[in-house]
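*Asks:* fold the stuff below for me.
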Amino acid sequence: MYFCITLLKVESDAGIVESITLKNFMCHSHLGPFTFGPNVNFIVGNNGSGKSAVLTALIVTLGGNAQATNRGSSLKGFVKEGEGSADVSITLRNKGRDAFKPEVYGSSIIVDLRITREGLRTYKMKNKSGQIVTTKKEELLSILDNFNVQVNNPVSVLTQEMSKYFLHSKGEGDKYKFFMKATQLEQMREDFFYIKSTKSVTEDKVGQYSECLKDLKRTYLEKEDRYKSLASLDEMHTKLEELQKQMAWALVMEMEKELEPMKEKLRAENHSTEKYDEKVAEWKIEEAEKKYKEIQEQLDKITQQVQELQPKCAELKAEAQHCNTLLKSSEVSMQSLYYTALYLGYSLHWKKSKSDQARTMRSEQIQADLENLNHHISTLGQQIDQYQHACSRDMLQRSIETNRRNLQTMESSRSNRLRRFGEHMPDLLNAIQDAHKRGQFKQKPRGPLGFLISLKDPELALAVEVCLKGQLQAFTCDNYEDEKVLQGIMFKVFPKGRRPTIITSRFLQHVHDTKRRAVNHPQYPSVLQALEIEDPVVANCLIDQRGIESILLIKNRTEARRLMQGKNPPHNCTSAFSKDGDQIFTNRTYTADQTRANYLSGDVEEEIRLLQREIENQTAQASRFKQQMKKLDDEIKQNEGLLRRTHIEQKTTKVKLLQFTFLAQYSCVTTRPQEEDLEEIITKITSKRAEYEEARIQMADLKASYEKAEREYKQHKEQINTIAEEADPIKEDLSKTDQEVLKCKHHKKHYDEKRNVQLRNIQTLKESLKSKEQELQESVTKAKLICPERLEVRRSARSLDTEISRLKVKITTQQEHQGDREEILRSYNEALENYTNMVQHVKNLNSFIKKLDSVMNQRQHVYAEFRRFLSARCKYYFDSMLSQRGYTGSMTFDHKNETLSISVQPGQGKQADMSDMRSLSGGERSFSTVCFVLSLWAITEAPFRCLDEFDVYMDMVNRRISMDMMLKVAAGQSYRQFIFLTPQNMSSLPESENINILRLKDPDRGQNNASQGPGK
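*Replies:* I've put the predicted structure just below:
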């Protein structure tokens, strides 16, 4: 029958364990959650059911180390095999006046611990609602200190191994250590030992500082003596400062004097600029250009008159030629009629005999042969002209050769774009680079100019190339000496053939300002705007030589002519180029003589393909011409032979015709016609004579018309010639005016350049003057920093500088004997500060040691009294516990030797002698051990106490008595929590609402749950 007690309703103190949950901890997959009561809790179960796991989790979670559990050497051993981590969650009560941050955590604090397989542990402190407050371990330590939780103290948590080591040990020294550890006296003693060692170290440092203090004092006295000897240098330093003030303002005055000549020179240069402006104004280009335009208009009018007369003249000429043709045709007809009449007369006589008929046939044959020969001669002449025209097509072969050279240049430019500008151009640039490195050039020449520019729009390549022409392969030099050097290099690189042009003009580092004379069109760019030119020298050269700022680029030729030849051509625009290379002026247009860009084309591969295709076509055409030419040569030779033979036959036939005509006339005089044919022949002769007369009259009319047309043609021709003669002096005037314009432009450009040079000189002078004024201002500022008030100094800066140098030498000489003033002051102050600081430091350390001695003496006295008091209380409670079973005993403390001897006598103490615990039975010894533990419980403070298998070695009687004693102690301390772990059933415990029994099921690896409930 257990001892029955009545427990008072007292609210448990803060810091007790409300619940605990384990997951994958040690060999258990899941244990809990276990809800603990506020007072007495029994965890009951067989071995392996998880009692020790709960206790181990409590120790580890609340700050204990792995060794304190005696269940493993490291934290990773607590993770269940095969799992990645173990989790423990413990809920601590947070009520009452000792609650920790109740406004943050509420009435409960949840401590979550996770242990990884690598042995790392992380904490999460949560409030009652489960919200994370912090993950810092320092917060956990603050909570444990506030609740006075000491899981490493054997009085708070007594494991089996700790009990065996301390309580069941037979050594008196082990029991004393247990007592010291349980009462935390051991911790106090260790703190005292640490303070004593710290004091010893501090005393050693004070001794070292004392020796150092002697050296510092000696050094301080030496520095003080040197400091006192500095008084003689003050006067020299004062004088030096005065001279430096005078020196500062003397420099200002000298700089002011230097500015006057510069200002005077600037005024003179400005006056010279006005003269250059007058010279520029003298050469009035506008008037010359106006005169040139007027003469050009006159010439245009004359040209227009000639152009108007030309069609009429051509018409009259055609009419005269037509009349001449009719006249000649009429003459031929008359001659034909005349010969016909003669023929008929001849026929009259030829009828007389057969021989006459033969002559008639011969005459007709000769006449036909003569006409055939004339026709054949005309045909052969035309064929020969055609063949000779065909033979002139050898220009095709020259075109093929030109394209092949261009193709070779294009293919070589794949690897080096410079080869577009000539096969020797890379060698020339290398030679120029070598000469420049040797210092032969004052300024490195630029070129070829086409290589140093690039197009913004590739479609304008042909237009820009036609515009710039020879400038693309040209070079530019800064001076004539560089030009001579470059000519020598070109002579070596280009021994034969044409060499690139050299343009000599001064190099400038900025592009000309062309705003006034440049064309600016909203739609179409100028050549200057269409090019990307990085080098200002190249840009200036093209502006000076070609005027690219005044030339527009208009892709459409029709639009270009409409814009340039309209009423209002663009301002400052001299001409325009279409994308096909046509040049359009305000009054005329020139067609380009090339169809593709050779230097500025962007797509080399496309140009190569086009050239190859053109060469193939031309080669095929040349092959056909070659065959045709061979055939034509043979025909020419054959026709020339035929022509010669035909001319010979024609002459022979004419001779025969004349002979035959003479014979016919002679026969007409000596013969008489026959009567039957005479009448018919006479009729025909009369008819033909009438036709002949009619034709003769018509020929006379035609001749008159021809002469009239010829006269009118000659009159128009003479009128055109007269107008042309009138244009000749106008052309001469136009040429002279053009020369005058060029002369004006040349002189104006010359004086413009002179004026620009003058303006640049003025600008340079202004910049120098501005720089000098800035230097003067800086000097004034510096002088004011040295001496705020301006000083009128009569001495020169050189004399002041000489005296300052001499005084500095004197000061330096004296300082070499005494040392630098600043260094002496610095070292003196440093020595004084070091000595003062060390004195104060040693004084503070001595005061600290003195106070520490006083505190330590007082605390050691208190420690001894406290130890004696705890020993006496422990004895008292131990005797009280033994007396409950009728035992008597004694507890003897030897603090000097650090031993604790316990003697126990079962039964009446007066009737038997006291005996050592080693002579007791196992149950009696366990009971005595419980009494010892309960006495320690009585004299120590902790929110909860854990006892693991306290009754394992007790018999039933001692177990009952020990349990009654523990329950009685718990009844007296209802504000504390007690957790007992036992393998016993505990079914016979008295029923009470303050006793909570947690029964763990037998070990079953598949299911690790526990049941709990109040005691029976």
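*Asks:* from here on, just use CA atoms for contacts and neighbour counts.
*Replies:* Will do.
*Asks:* how is the chain carved up into domains?
*Replies:* Here the domain parsing of the chain from the TED database is 1-153+986-1003, 285-342+675-786, 422-602.
*Asks:* so for residue 177, which of these sits nearest?
*Replies:* When those are compared by Cα to Cα, domain 1-153+986-1003 sits nearest residue 177, at 11.8 Å.
*Asks:* returning to that earlier point: what's the least confident stretch among the domains of the chain?
*Replies:* For the domains of the chain, the weakest mean pLDDT is recorded on domain 285-342+675-786, namely a mean of 70.
*Asks:* quick one: which helix or strand includes residue 799?
*Replies:* Using DSSP states H and E, residue 799 falls within helix 797-818.
*Asks:* tell me what the next helix-or-strand element following that helix is packed against?
*Replies:* Next helix or strand after helix 797-818 toward the C-terminus (DSSP H and E): helix 821-883. When contacts are defined as 3 or more Cα pairs under 8 Å, 6 or more residues apart in numbering; DSSP states H and E, helix 821-883 sits against helix 185-228, strand 888-894, helix 922-939.
*Asks:* would you turn those into JSON lines with mean pLDDT?
*Replies:* Formatted as JSON lines, the helices and strands packed on helix 821-883 follow (pLDDT from 0 to 100):
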{"stretch": "helix 185-228", "mean pLDDT": "82"}
{"stretch": "strand 888-894", "mean pLDDT": "84"}
{"stretch": "helix 922-939", "mean pLDDT": "75"}
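*Asks:* tell me which of these sits most buried.
*Replies:* Most buried of the helices and strands packed on helix 821-883 by mean neighbour count (mean count of other Cα atoms under 10 Å) is helix 922-939; its value is a mean of 21.
*Asks:* if we can go back for a sec, got a markdown table for the helices and strands packed on helix 821-883, with distance to residue 767 too?
*Replies:* A markdown table is the format used below for the helices and strands packed on helix 821-883 (distance: least, Cα to Cα, whole Å):
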| stretch | distance to residue 767 |
| --- | --- |
| helix 185-228 | 52 |
| strand 888-894 | 103 |
| helix 922-939 | 98 |
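*Asks:* and these: which comes nearest residue 496?
*Replies:* helix 185-228 (90.2 Å).
*Asks:* elements contacting that closest one?
*Replies:* In terms of contacts (3+ Cα pairs under 8 Å, 6+ apart), helix 185-228 is packed against helix 172-182, helix 821-883.
*Asks:* which one of those helices has the poorest average confidence?
*Replies:* Lowest mean pLDDT within the helices and strands packed on helix 185-228: helix 172-182, at a mean of 81.
*Asks:* chain neighbours aside, what residue packs nearest to residue 240?
*Replies:* Spatial nearest neighbour of residue 240, excluding adjacent residues (Cα to Cα, 6 or more residues apart in numbering): residue 804 at 6.5 Å.
*Asks:* for that neighbour, give its distance to residue 810.
*Replies:* 10 Å (Cα to Cα, to the nearest Å).
*Asks:* tell me which of the two has more neighbours.
*Replies:* Shown here are residue 804 and residue 810; by other Cα atoms under 10 Å, residue 804 has more neighbours (19 against 14).
*Asks:* residues touching the more buried one, list them.
*Replies:* Applying Cα atoms under 8 Å, 6 or more residues apart in numbering to residue 804 gives the contacts 240, 243, 244.
*Asks:* mind checking how far it is from residue 769?
*Replies:* Distance of residue 804 to residue 769, given as Cα to Cα: 30 Å.
*Asks:* again, but for residue 790
*Replies:* Here residue 790 is placed at a distance of 23 Å from residue 769 (Cα to Cα).
*Asks:* higher neighbour count, these two?
*Replies:* residue 769 (18 against 15).
*Asks:* wait, that one sits on residue 264?
*Replies:* No - the criterion here is Cα atoms under 8 Å, and residue 769 misses it with residue 264 at 10.9 Å.
*Asks:* looking at this, residue 150 is in a strand?
*Replies:* No - the assignment for residue 150, made by DSSP: H, G, I helix; E, B strand; the rest coil, is coil rather than a strand.
*Asks:* residue 156 is in contact with that one, correct?
*Replies:* Yes - using Cα under 8 Å, residue 150 is in contact with residue 156, at 6.3 Å.
*Asks:* quick one, helices of the stretch 501-650 of the chain?
*Replies:* For the stretch 501-650 of the chain, the helices defined by DSSP state H, counting those that start in this stretch cover 527-530, 536-546, 557-564, 604-670.
*Asks:* how many neighbouring residues does residue 761 have?
*Replies:* Neighbours of residue 761 under the rule other Cα under 10 Å: 14.
*Asks:* likewise for residue 547?
*Replies:* Residue 547, neighbours per other Cα under 10 Å, totals 19.
*Asks:* pull up the gap between it and residue 756, please.
*Replies:* 18 Å.
*Asks:* about what we covered before: in JSON lines: the helices and strands packed on helix 185-228, plus distance to residue 201.
*Replies:* Shown next, in JSON lines, are those (distance: least, Cα to Cα, whole Å):
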{"stretch": "helix 172-182", "distance to residue 201": "28"}
{"stretch": "helix 821-883", "distance to residue 201": "11"}
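*Asks:* winner for burial among the ones you listed?
*Replies:* helix 172-182 (a mean of 20).
*Asks:* who are the packing partners of that helix?
*Replies:* By 3+ Cα pairs under 8 Å, 6+ apart, helix 172-182 packs against helix 185-228, strand 899-905.
*Asks:* I'd like those as a markdown table, with distance to residue 477 appended.
*Replies:* Below are these laid out as a markdown table (distance: least, Cα to Cα, whole Å):
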| stretch | distance to residue 477 |
| --- | --- |
| helix 185-228 | 72 |
| strand 899-905 | 113 |
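*Asks:* of all those, which one comes closest to residue 441?
*Replies:* Residue 441 sits nearest to helix 185-228 of all the helices and strands packed on helix 172-182, at 66.8 Å, using Cα to Cα.
*Asks:* right, and the helix or strand after the closest one?
*Replies:* helix 234-282.
*Asks:* for the nearest residue to residue 571 once chain neighbours are set aside, grab the count of nearby residues.
*Replies:* Closest residue to residue 571 apart from its sequence neighbours, by Cα to Cα, 6+ apart: residue 519 at 6.1 Å. By other Cα under 10 Å, the residues close to residue 519 number 24.
*Asks:* got it, and the one 10 residues further on?
*Replies:* Here the number of neighbours of residue 529 (other Cα under 10 Å) works out to 18.
*Asks:* try the one 5 residues further on
*Replies:* For residue 534, the neighbour count with other Cα under 10 Å is 11.
*Asks:* nothing else from me, thank you.
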